[in-house]
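[1] any chance you could fold what I've pasted below:
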Amino acid sequence: MKTRCLQRMLIGLGLAMVLSVPWASATNYYVVTSSQQPSPTPPWTNWGWAHTNLFEVVAAARDNDTVYVTNNAKYYLTNQINVSYAITVRSWGPGGIIDPTNTIIDACAPGTTNRHFSLSNYWATLAGFTLTKVTCRRLLK
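    Numbering: from 1, shown residues only. You can find the predicted model right below:
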């Protein structure tokens, strides 16, 4: 009798501990060009509500989140993008493939010179982009 009661208490305690642990959930965020989305709507969690500002989306993302950046676009950075959480920032091509040849990030918007990204989290991932400073080269000529 005592053994059965003790077993039930331990099972109940274990279940209570499992249910009290906050489970990590991942959110997918989406980024498109301003011509594709004239009025982005928070929370930017699907292509219909996608944001046009990569800085803001990366700043909103937290551990385990993924930021999808549409392909066939060129994004001009005016500042470095700081990634301090364990997130994935990646391009999105047809069928979900990574598309570095058609997703270009130029770190030199007219009149600025910057780095592209600073990844300060060991688990942060950047995938599927062509990183350039083409505009800088044109400005310096």
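[2] from now on I want contacts and neighbour counts done on CA atoms only, so please keep to that.
    Fine.
[3] give the contact list for Lys74.
    Neighbour list for Lys74: 102-106 [criterion: CA atoms under 8 Å, 6 or more residues apart in numbering].
[4] what does Pro100 give?
    91, 127-130.
[5] go again using 6 Å as the cut-off
    The contact partners of Pro100, by CA atoms under 6 Å, 6 or more residues apart in numbering, come to 128-130.
[6] kindly indicate which of those lies nearest Thr27.
    Nearest to Thr27 among the contacts of Pro100: Gly128, at 19.3 Å, using CA to CA.
[7] burial of the closest one, as a residue count?
    20 (other CA atoms under 10 Å).
[8] next one: the one 3 residues further on
    Other residues near Leu131 come to 18 when the count uses other CA under 10 Å.
[9] any idea which of the contacts of Lys74 is the one closest to Ala59?
    Ile105 (17.2 Å).
[10] now do the phi/psi pair for that closest one.
    Backbone geometry at Ile105, expressed as degrees, to the nearest 10, gives phi -120, psi 120.
[11] so it sits against Leu131, correct?
    Yes. Contact criterion CA atoms under 6 Å: Ile105 and Leu131 qualify, at 5.0 Å.
[12] that older thread, of the contacts of Lys74, closest to Tyr29?
    For the contacts of Lys74, the nearest to Tyr29 is Thr103 (16.4 Å; CA to CA).
[13] what's opposite the closest one in the beta bridge?
    Judged by DSSP bridges, the bridge partners of Thr103 are Ala73.
[14] neighbours of it, just the number please.
    When counting by other CA under 10 Å, one arrives at 23 neighbours for Thr103.
[15] pLDDT at it, what is it?
    The score at Thr103 is 92. That number is its pLDDT.
[16] swap in Trp123?
    96.
[17] Thr132 too?
    87.
[18] so Lys30: helix, strand or coil?
    Careful, residue 30 is Tyr and not Lys. Here Tyr30 is strand, with the state taken from DSSP: H, G, I helix; E, B strand; the rest coil.
[19] and it, what does it touch?
    Contacts of Tyr30 by CA under 6 Å, 6+ apart are 44, 46-47, 50, 67-69.
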